[in-house]
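A.B. asks: need a structure here:
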Amino acid sequence: MLVANLNRERIDAFIAERGPEYRCPECEGVVILKKGRKVIDHFAHKPPTDCSWASGETRAHLEAKLLVAKALAGRGLRAEVEFVVNTLPGDRRADVIAWSPNGRQIAFELQHTPIDLNEIESRASSYARAGIVQI
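C.D. replies: Residues are numbered from 1 along each chain as shown. The predicted structure is shown next:
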């Protein structure tokens, strides 16, 4: 997880510092900031947990989300990783969301592992119903 809450404010792992108590944006459980030379800066749930956001992500997936967000920001667009889309039913987090110059939201979903066609259709339909473009 690349983001957590600190005093109810969103904070990115790459600017977070060790010490404060961070919370999961989904379950409000305690998460631990992980930083090091061998890992990308991220938050991990303090075990035990049954939070749906606690599933591990590969380093490649975490890095890809950051690369996409940085590339969009480099083009002058506002971009955030792991953005919760509150207008959608269920657990929907865009890997990266950006805002076009006219304010329209564009969700970027980065998929490395195989998922079935039903899941792809479900994601696309959810974003479409919310008026969000999906890439």
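
A.B. asks: go ahead and flag the most central residue of the protein.
C.D. replies: Closest to where the C-alpha atoms of the chain average out (Cα atoms, centre = their mean) is residue 82, at 1.4 Å.

A.B. asks: can you map out the strands along this protein?
C.D. replies: Counting by DSSP state E, the chain has strands at residues 3-6, 9-12, 22-23, 30-34, 42-45, 78-84, 93-99, 105-108, 133-134.

A.B. asks: select, out of these, the one closest to residue 120.
C.D. replies: With Cβ to Cβ, the closest approach to residue 120 among the strands of the chain belongs to strand 133-134: 10.0 Å. (Glycine included, C-beta is placed from N, CA and C.)

A.B. asks: quick one: average pLDDT of the closest one?
C.D. replies: What strand 133-134 shows for mean pLDDT is 91.

A.B. asks: for that strand, packing partners?
C.D. replies: strand 105-108, helix 117-129 (3 or more Cβ pairs under 8 Å, 6 or more residues apart in numbering; DSSP states H and E).

A.B. asks: quick one: the residue nearest to the centre of the chain and residue 4 touch, right?
C.D. replies: No. Residue 82 is not in contact with residue 4 according to Cβ atoms under 8 Å; the separation is 9.7 Å.
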